[in-house]
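Trainee: Got a predicted structure plus its sequence, pasted below:
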Amino acid sequence: MTDIVDNSGVEDGASKRYLRTARKRSIIVFVMMAIVAFSVLLDVSLGPGNFPLSDIIDVLWDENSHGVSLSVIVWDIRLPVALMALLIGAMLGAAGAEMQTILNNPLADPFTLGISSAASFGASLAIVAGFSLIPYAGTLLITTNAFGFALLASFILFATTRMRGVNIETMVLVGIALMFTFNALLALMQYYSSETELQKIVFWMMGSLMRVTWSKLAICAVILGICLPIFMWRNWQLTALRLGDEKARSMGINVSRLRIEMLILVSLLSAVSVAFVGVIGFIGLVGPHMARMMVGEDQRFFLPMSVFCGALILSVASIISKMITPGIIYPIGMITSLIGVPFFLSLVLKQRKRSW
Amino acid sequence: MLKIDGLSASYGKKSILTEISIDEIKPGELTAVIGPNGTGKSTFFKAISGLLKGTLGEMVLNGDNLRELSSDVLARKICYLPQSVNTTAALTAFEVVLLGLKFQSGWRVKDEDAKQVEKIFAILDIDHLSDQYIGDLSGGQQQLVWIAQAIIRSPEMLLLDEPTSALDLQHQLAVMDLLKILTKKRNIVTMVALHDLNLAARYADKVLVIKDGKLRAFGVTEDIFRTDIINETYGVEVEVQTQPSGTILVMPIRSKRQLRADLL
């Protein structure tokens, strides 16, 4: 008698296929998290003075296990830089993902709306004129100025878009206007600056992880700790936003409020990162793209994946920046683009043509 | 039951709808909304679903005054499917429909949720589309996915703006058959904006005619599909016939409006 319950040749139902894909995506996110952790460990272990990885792990476990010098190298020099790469990469990845979501444009990045130009102008103003937007900034003059101007640009953006209705076109147009304005002001500062000041401005704009301190790390961690849960809490709404404003509104989503809310958080993430490490472009654009290619745009996977992709790119860039010429650390912003672009292009070319 | 009293809507200073009143549309009834292009059909749907700011008048659905409800409560009661939804999101058809189920709930997708989505795909016979990205589908296939998303939301009222415009004849009939059964089975109010008058005549229990933002006629299908009403509404000459089977057929004869072909 033939088996009447013959499932051979019968395809799984759509729900099974979906749940299998969802599980696969969760695994991809966890694997990426592990790769990021490994990359951070590698970043800590590599540098001038070849210490075995086991010694580094020992020192991370017990600060004084291998003497004071290794303890200082690991805890005061390498670990903060490696963690800064992790946190800033994560912040830019998250900010890029949500900027692309609220602007409904995969070509957007956290700096699309002029935040980096404003921050650069703020930094140059501090370098050239010693002007401070925030009083008593002291040694943090450049950082606070960059942060202050980044927030100022965001505030102008919110105020103008609120007046004209929060739609994508207004946001992008105002953002572009801000970017050109602050770029022109930055050029003016460069024009009036001395040779040394100009060098300082250019170096600041290249981006560097070497300006890290533990307090800056704590600030980054807190900001990320505030923003990520809010992004995750809004995950379905943010996913629905990609179906277009009218569709999202018909699902009961207050699109304007959601957009403003996300813009505030994205601005905060971008302003903090640009103030602490300078302009590191590319990550906020490419991190989310890599994430989208691997896990799609369901925010439950897309957001964490963008965070980890951003963190990985910057962490690997941090490793490479000290490997090119031993003893010299190249500006991270430069390295990020140099290593990221070929990798990204290979991903794009491997992908079959997609509508997005 | 839906009752509308003096509904007016405007975009800024431009008035689109003027004083539309409907005594009642009972649950289980499918109403076709017809009228020329740019006459206010979509605005009418948006006004009912609370998507427009400048609306006046009263709208009551099953005892609830719609103007007093918050946007998320409204979205649970009313599902409005816009005329066209363009998206390039990296979301599969399955995820798009799932969104319709999960957009106001917790972030975890349970097995039952996925099963429910699968059932809707089976109902619409589009299981083969479930793993494809929404942007990769043809216009007609996308329209079926949006209809699936509308159905899975299980609203008290469905407002569908030309849901069959991109569908072939077979799918048009199949979707309208489904909507008719769904409306009766779930006892909901369904309004469908249609340009195809034969489709409207075949499936609608009631017909609502809007022209220049005003309600021109409202009633049971047999009463509305009269030569004089159609001719006056659309500026055409038609012949309305009732087949022995009871089906109403609208046969266009000519348009009263001539385009300037002499300028070609």
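Mentor: Looks like it arrived, so ask away. Numbers count the residues shown, from 1 in each chain, chains lettered A, B, ... in the order given.

Trainee: ok now do the nearest residue to residue A:231 once chain neighbours are set aside, which residues does it touch?
Mentor: Once flanking residues are discounted, residue A:231 sits nearest to residue A:303: 5.4 Å by CB to CB, 6 or more residues apart in numbering or on different chains. For the C-beta atoms, the positions are set from N, CA and C on the backbone; glycine is no exception. By CB atoms under 8 Å, 6 or more residues apart in numbering or on different chains, the residues touching residue A:303 are A:94, A:97-98, A:228, A:231-232, A:235, A:238.

Trainee: Would you mind checking the average pLDDT for the host helix or strand of residue A:303?
Mentor: If you go by DSSP states H and E, residue A:303 is part of helix A:299-323. Averaged across helix A:299-323, pLDDT comes to 94.

Trainee: The helix or strand just after that helix to helix A:299-323, inter-axis angle?
Mentor: On the C-terminal side of helix A:299-323, the nearest following helix or strand under DSSP H and E is helix A:332-350. Here the directions of helix A:332-350 and helix A:299-323 differ by 130 degrees (axes from the mean of the first three to the mean of the last three CA atoms, to 10 degrees).

Trainee: to the chain's geometric centre, what's the distance from helix A:332-350?
Mentor: Remark: helix A:332-350 is offset 15 Å from the chain centroid, using CA atoms, centre = their mean, to the nearest Å.

Trainee: who touches that helix?
Mentor: Applying CB under 8 Å, 6+ apart, the contact partners of helix A:332-350 are A:85, A:205-209, A:277-283, A:286, A:289-290, A:293, A:313-314, A:316-318, A:320-321, A:324.

Trainee: Look up the residues forming beta bridges with residue B:4.
Mentor: Counting by DSSP bridges, residue B:4 is bridged to residue B:22, residue B:59.

Trainee: got the contact list for it?
Mentor: Taking CB under 8 Å, 6+ apart, one finds B:20-22, B:48, B:57-60 in contact with residue B:4.

Trainee: same question, residue B:91
Mentor: Residue B:91 sits next to A:239, A:242-243, A:296-298, B:99, B:133-134 when contact means CB under 8 Å, 6+ apart.

Trainee: where does chain A dip in pLDDT?
Mentor: A:1-11, A:137-139, A:164-166, A:350-356 (pLDDT under 70).

Trainee: got the residues of it near chain B?
Mentor: Selection of chain A residues close to chain B by CB under 8 Å from any CB of the partner chain yields A:13-19, A:21-22, A:106, A:232, A:235-237, A:239-240, A:242-244, A:246-247, A:249-254, A:292, A:296-298, A:300, A:354-356.

Trainee: Any quick PyMOL command for the buried ones out of these?
Mentor: Written as a PyMOL command, the selection of buried residues from the residues of chain A next to chain B, which uses 16 or more other CB atoms under 10 Å in any protein chain shown, is:
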select buried, chain A and resi 13+14+15+17+18+19+21+22+106+235+236+237+239+240+242+243+244+246+247+249+250+251+252+253+292+296+297+298+300+356
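
Trainee: Narrow the residues of chain A next to chain B to those in helices?
Mentor: In this view, those that belong to helices under DSSP state H are A:14-19, A:21-22, A:232, A:235-237, A:239-240, A:246-247, A:249-250, A:292, A:300.

Trainee: For the one helix or strand residue A:94 maps to, which helices and strands make contact with it?
Mentor: Element membership for residue A:94, per DSSP H and E: helix A:79-102. Applying 3 or more CB pairs under 8 Å, 6 or more residues apart in numbering or on different chains; DSSP states H and E, one finds that helix A:79-102 contacts helix A:14-45, helix A:214-233, helix A:235-241, helix A:255-277, helix A:283-295, helix A:299-323.

Trainee: what's the angle from the fifth one to helix A:14-45?
Mentor: For helix A:283-295 and helix A:14-45, the angle between their directions (the same axes, to 10 degrees) works out to 140 degrees.

Trainee: Show me what counts as buried in helix A:283-295.
Mentor: For helix A:283-295, by 16+ other CB under 10 Å, it's A:283-295.

Trainee: Save those as JSON lines, and put in distance to residue B:212 too.
Mentor: Shown next, in JSON lines, are the buried residues of helix A:283-295 (distance: CB to CB, whole Å):
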{"residue": "A:283", "distance to residue B:212": "54"}
{"residue": "A:284", "distance to residue B:212": "49"}
{"residue": "A:285", "distance to residue B:212": "48"}
{"residue": "A:286", "distance to residue B:212": "52"}
{"residue": "A:287", "distance to residue B:212": "52"}
{"residue": "A:288", "distance to residue B:212": "47"}
{"residue": "A:289", "distance to residue B:212": "48"}
{"residue": "A:290", "distance to residue B:212": "52"}
{"residue": "A:291", "distance to residue B:212": "49"}
{"residue": "A:292", "distance to residue B:212": "45"}
{"residue": "A:293", "distance to residue B:212": "50"}
{"residue": "A:294", "distance to residue B:212": "52"}
{"residue": "A:295", "distance to residue B:212": "50"}
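
Trainee: Of these, which is the nearest to chain B?
Mentor: Closest to chain B out of the buried residues of helix A:283-295 is residue A:292 (4.9 Å), distances taken as CB to the nearest CB.

Trainee: Just give the closest residue to residue 149, not the sequence neighbours.
Mentor: Went with chain A since none was named. residue A:122 (3.0 Å).

Trainee: Hmm, no, I was thinking of chain B.
Mentor: Leaving aside its chain neighbours, residue B:149 sits nearest to residue B:100 (3.8 Å; criterion: CB to CB, 6+ apart).

Trainee: which secondary structure elements does the strand or helix carrying the one you found contact?
Mentor: In this assignment (DSSP H and E), residue B:100 forms part of helix B:93-102. The elements that helix B:93-102 packs onto, with contact taken as 3+ CB pairs under 8 Å, 6+ apart, are helix A:14-45, helix A:235-241, helix B:111-123, helix B:139-152.
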